[in-house]
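next one to model:
(chains A and B)
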There are 2 protein chains.
Amino acid sequence: LVNDRGDVLARTSMKTEAERGPTHVIQRMCDVAKKVCELNGCPLQSVVGIGIGSPGPMNIRTGTIINAANLLGWINIPLRDQIRELTGRPAVLQNDANTAAYGEYWVGAGDRVNHLVLLTLGTGVGGGIICDGEIIQGHFDNAGELGHMIVFPDGRPCKCGQRGCLEAYAGGYYITQEAVRLLSNGKGRELRQIYKQKNRIDVPDVIEAAQRGDELAIQLWDQACLAIAISCVNFQHTLNPERIVLGGGIAAAGQKLLNQIIDKYNPLVWKLADDRPKICLASLGGEAGAIGAAGWFWHLHQQN
Amino acid sequence: LVNDRGDVLARTSMKTEAERGPTHVIQRMCDVAKKVCELNGCPLQSVVGIGIGSPGPMNIRTGTIINAANLLGWINIPLRDQIRELTGRPAVLQNDANTAAYGEYWVGAGDRVNHLVLLTLGTGVGGGIICDGEIIQGHFDNAGELGHMIVFPDGRPCKCGQRGCLEAYAGGYYITQEAVRLLSNGKGRELRQIYKQKNRIDVPDVIEAAQRGDELAIQLWDQACLAIAISCVNFQHTLNPERIVLGGGIAAAGQKLLNQIIDKYNPLVWKLADDRPKICLASLGGEAGAIGAAGWFWHLHQQN
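Numbers count the residues shown, from 1 in each chain, chains lettered A, B, ... in the order given. As a prediction, this is how the structure comes out:
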């Protein structure tokens, strides 16, 4: 529950129980909205409106989920209108990566700079773009799919069907998959031990092994940071943002990650103009999407 | 002289005589404005306003040219306000590559699609971005420097100080420079003859030699088309435009260029969503910038 200054008045969550299908999940969404109001001692009917951040692809204008790949049966679901009907409140739908960017822009690391790019570095790599205080949605509502920019042509294959995507180098899934694959080449003494112990490798293992000098871990982590730095140069020359914000699980590596990226970025970028964005860490953590969905509702509400 | 529907009512041009410095050039700009009105039989005082498209870097908000690299003495020149004073008409300043994009969006190849990217393929590579009918300027007014996206990390050096820029592969200056440099490697029988005849190689020479099977020309032209195709994939995932428009001198190669780029683009791009932009040729030629500057004036004028 978020007021018009971006303060979180109450927070709660509920299991989606997605296996029971969209109708059930949408009812759960309304239940959680009701519950969070109760926590703050107000009825749901007193909220000005509801901002929904959802995975896509979606049609933002009609408020419809076209096909949520990880959720059973979510094909052409008019999510926004069903939430409106069930709650009796105005509602807006937006891509969840975009609402995270809007949240960081509104009250997070961006703190009202007008031009901001958020890179979400998790299992995959997502993102969102704010230009002049507006979310860039694009013609097909698919803007900000920043993990699928090609940074190394003809590079690692990505599940999306492309090669050399940012995500294929900086996404946790790919970093750890590549670590396991390359262990057979004889490198990576420390990573090999970790793999023997727990039969898997996680991103923090790679980061820590790299810090202790493990050759394979250094190679993988260097590539990840270089891929991110190249994408920052490309954001600079396309969108020319004031700030590039790094969020998601991998950004938990904090200043270590940031310093490495900036060390790669500095020698890569042009010297023609002094238009470098500040690259910094996200500040809202996992709540960015929810706060931003509320902020986006307030933004559209104030325009009407 | 352009009306509010984008019709060109009269056209003329004048030498800038840039060697005589900014004050003189600005007077010439006012003279040419007066002259184009006379050609249409109307006084300058009857025009609603003036749109100025200029090379940058610039401060769009204050209407100031910060430093026009190719023009003598243009450092911190308040171009917009001086034009306003000398003509007595309202004026707006905008980057000339952005106005070209706006022109194509307004009455050219984009013809009012809401999301469009223009790539200008000339001696260098420039561009402009239209999102939701607005020019994307960025925080430092430097958005749309599309020639300096890195497409081949650690690739050819670019005059901007980076390596692997789109411009270093698809800009005429670099294509022809690289042709001359590589002739010494024994490839390029046909290009060698051309170079012997005229002691230089031009882009049309490369395109024609490639069509006739010259190995070196094919290599250079393929790389140029691949670099452009990669940048189109990256536009798709960042800005998600409905249309990508190719303009500038090299786009004069027309359908040949377009087919080659699309042939490279199709196998590169993801299969996850059906959000491919239409890639097409610009339609306003060298007038795009002037028409777009007028269109941008009308756009801002209607907002006030």
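
ends of stretch A:40-56, how far apart?
Distance across stretch A:40-56, first residue to last, is 30 Å (Cα to Cα, to the nearest Å).

any idea of the mean pLDDT for it?
Summarised as a single mean, pLDDT over stretch A:40-56 is 95.

let me see the ranges of the strands in the stretch 1-150 of chain A.
Ranges of strands in the stretch 1-150 of chain A, per DSSP state E, counting those that start in this stretch, are A:50-54, A:58-59, A:64-67, A:75-77, A:91-95, A:116-121, A:125-131, A:134-135.

redo those strands as JSON lines? Include mean neighbour count and distance to chain B.
Bear in mind the C-beta positions are built from the backbone N, C-alpha and C, glycine included. Putting the strands of the stretch 1-150 of chain A into JSON lines (neighbours: other Cβ atoms under 10 Å in any protein chain shown; distance: least, Cβ to the nearest Cβ, whole Å) gives the following:
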{"stretch": "strand A:50-54", "mean neighbour count": "23", "distance to chain B": "15"}
{"stretch": "strand A:58-59", "mean neighbour count": "21", "distance to chain B": "11"}
{"stretch": "strand A:64-67", "mean neighbour count": "17", "distance to chain B": "9"}
{"stretch": "strand A:75-77", "mean neighbour count": "15", "distance to chain B": "14"}
{"stretch": "strand A:91-95", "mean neighbour count": "25", "distance to chain B": "11"}
{"stretch": "strand A:116-121", "mean neighbour count": "30", "distance to chain B": "9"}
{"stretch": "strand A:125-131", "mean neighbour count": "29", "distance to chain B": "6"}
{"stretch": "strand A:134-135", "mean neighbour count": "20", "distance to chain B": "8"}
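
closest one to B:Ala101 among these?
Distances from B:Ala101 to each of the strands of the stretch 1-150 of chain A were compared using Cβ to Cβ; the shortest belongs to strand A:125-131, at 14.6 Å.

closest one to A:Cys37 among the strands of the stretch 1-150 of chain A?
When the strands of the stretch 1-150 of chain A are ranked by proximity to A:Cys37, the top entry is strand A:50-54, at 10.6 Å, counting by Cβ to Cβ.

what is the closest one packed up against?
Applying 3 or more Cβ pairs under 8 Å, 6 or more residues apart in numbering or on different chains; DSSP states H and E, one finds that strand A:50-54 makes contact with helix A:79-87, strand A:91-95, helix A:96-107, helix A:288-303.

in the stretch 1-150 of chain A, which residue sits closest to chain B?
Nearest residue of the stretch 1-150 of chain A to chain B: A:Gly138, at 2.4 Å (Cβ to the nearest Cβ).

per-residue pLDDT of the closest residue to that residue other than its chain neighbours, please?
Taking Cβ to Cβ, 6 or more residues apart in numbering or on different chains, and ignoring the residues beside it in sequence, A:Gly138 has B:Asn240 as its nearest neighbour in space, at 2.4 Å. What the model reports for B:Asn240 is a pLDDT of 98.

gap between B:Asn240 and A:Lys159?
In this structure, B:Asn240 and A:Lys159 are separated by 20 Å, where distance is defined by Cβ to Cβ, to the nearest Å.

quick check, stretch A:162-170 touching chain B?
Yes - Stretch A:162-170 comes into contact with chain B when judged by Cβ under 8 Å from any Cβ of the partner chain, the residues involved being A:Gln162, A:Arg163.

same question for that stretch, mean pLDDT?
According to the model, stretch A:162-170 has a mean pLDDT of 98.

follow-up on the earlier one: next up, the contacts around the residue nearest to A:Gly138.
Listed by Cβ atoms under 8 Å, 6 or more residues apart in numbering or on different chains, the contact partners of B:Asn240 are A:136-145, B:115, B:275, B:277.

and it, helix, strand or coil?
Under the three-state scheme (DSSP: H, G, I helix; E, B strand; the rest coil), the conformation of B:Asn240 reads as coil.

kindly provide the distance from it to B:Gln45.
Taking Cβ to Cβ as the measure, B:Asn240 falls 44 Å from B:Gln45.

A:Arg5 too?
For A:Arg5, the distance to B:Gln45 equals 49 Å [Cβ to Cβ].

and A:Gly122, by the same measure?
Noted for A:Gly122: a distance of 60 Å to B:Gln45, by Cβ to Cβ.

of the two, which one has the most company?
The residue with more neighbours, out of A:Gly122 and B:Gln45 and counting by other Cβ atoms under 10 Å in any protein chain shown, is A:Gly122; that gives 19 against 10.

nearest spatial neighbour of that one, skipping sequence neighbours?
Nearest non-adjacent residue to A:Gly122 (Cβ to Cβ, 6+ apart): A:Gly248, at 3.9 Å.

my guess is the one you found meets A:Leu118, correct?
No - in this structure A:Gly248 lies outside contact range of A:Leu118 using Cβ atoms under 8 Å: 9.1 Å.

between the two, what contacts are shared?
Residues touching both A:Gly248 and A:Leu118 (Cβ under 8 Å, 6+ apart): A:Ala282.

who's A:Gln94 bridged to?
Using DSSP bridges, the bridge partners assigned to A:Gln94 are A:Gly53.

and it, how close does it get to A:His148?
Relative to A:His148, A:Gln94 is positioned 19 Å away (criterion: Cβ to Cβ).

likewise for A:Leu9?
In this structure, A:Leu9 and A:His148 are 36 Å apart, going by Cβ to Cβ.

neighbour count: the two, which is higher?
Just comparing A:Leu9 and A:His148: by other Cβ under 10 Å the higher neighbour count belongs to A:His148, 27 against 13.

for the residue lying closest to the more buried one once chain neighbours are set aside, phi and psi?
Excluding its sequence neighbours, the residue lying closest to A:His148 (Cβ to Cβ, 6+ apart) is B:His237, at 4.5 Å. Here is the backbone geometry of B:His237 (degrees, to the nearest 10): phi -90, psi -20.

and if you look at A:Gly56?
phi -110, psi -160.

kindly report the same for A:Cys42.
Main-chain torsions, A:Cys42, degrees, to the nearest 10: phi -130, psi 150.

likewise A:Gly144?
With angles defined as degrees, to the nearest 10, A:Gly144 sits at phi 80, psi 20.

what residues are up against it?
Applying Cβ under 8 Å, 6+ apart to A:Gly144 gives the contacts A:Asn95, A:Ala97, A:Asn98, A:Ala101, A:Gly126, A:Gly127, A:Gly128, A:Ile129, A:Ile136, A:Gly138, B:Thr238, B:Asn240.

correct me, but the second one touches A:Gly126?
Yes - using Cβ under 8 Å, A:Ala97 makes contact with A:Gly126 at a distance of 4.1 Å.

average pLDDT for stretch A:250-267, rounded please.
If you average the pLDDT values across stretch A:250-267, you get 92.

quick check, pLDDT for the residue nearest to A:Ile135 when sequence neighbours are not counted.
The shortest distance from A:Ile135 to any residue other than its chain neighbours is 4.8 Å, reached at A:Asn98 (Cβ to Cβ, 6+ apart). With respect to pLDDT, A:Asn98 scores 98.

get me the contact residues on the stretch 1-150 of chain A for chain B.
Near chain B, when you scan the stretch 1-150 of chain A using Cβ under 8 Å from any Cβ, you find A:57, A:113-115, A:129, A:131-132, A:134, A:136-150.

quick one: A:Lys196 from A:Arg212, how far?
17 Å.

whoops, I mixed them up, A:Met14
41 Å.

what do you get for A:Leu272?
From A:Leu272 across to A:Arg212, the span is 39 Å (Cβ to Cβ).
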